[in-house]
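# just coords:
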């Protein structure tokens, strides 16, 4: 089972990742012509799978690693959804 501190650490990584990508994509110069805001949430969830590999979490058991992977995806999805909603980009 992942500790509360590890969960908060994972959430902070997700906030940094998703908010950074969101800020970049707000500028049309940094997104391709095929970019669609309705794909942003999925993009961030896909990228979240790699985040667990980048950051050393010190998890030993397979169950903990799977739980961390699920948290990375969950937090990335929730943060993306919130940013899209608050910005109004979810309507585009």
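It's in. Computed from a prediction, not measured in an experiment: that's the story for all the values here. Numbers count the residues shown, from 1 in each chain.
# return the helix or strand in the protein with minimum mean pLDDT.
Per-element confidence for the chain was summarised using mean pLDDT, DSSP states H and E. The lowest value among helices and strands belongs to helix 40-54, with a mean of 87.
# so which bits of that one are buried?
The neighbour-count criterion (16 or more other Cβ atoms under 10 Å) identifies 40, 41, 43, 44, 45, 47, 48, 51, 52 as the buried residues of helix 40-54. C-betas here are computed from N, CA, C, even on glycine.
# residue contacts, the residue nearest to the second one when sequence neighbours are not counted?
With Cβ to Cβ, 6 or more residues apart in numbering as the measure, residue 80 is the residue that lies nearest to residue 41, at 4.2 Å, once sequence neighbours are left out. For residue 80, the contacting residues are 18, 22, 40, 41, 44, 45, by Cβ atoms under 8 Å, 6 or more residues apart in numbering.
# residue 71 now?
Residue 71 makes contact with 2, 7, 10, 11, according to Cβ under 8 Å, 6+ apart.
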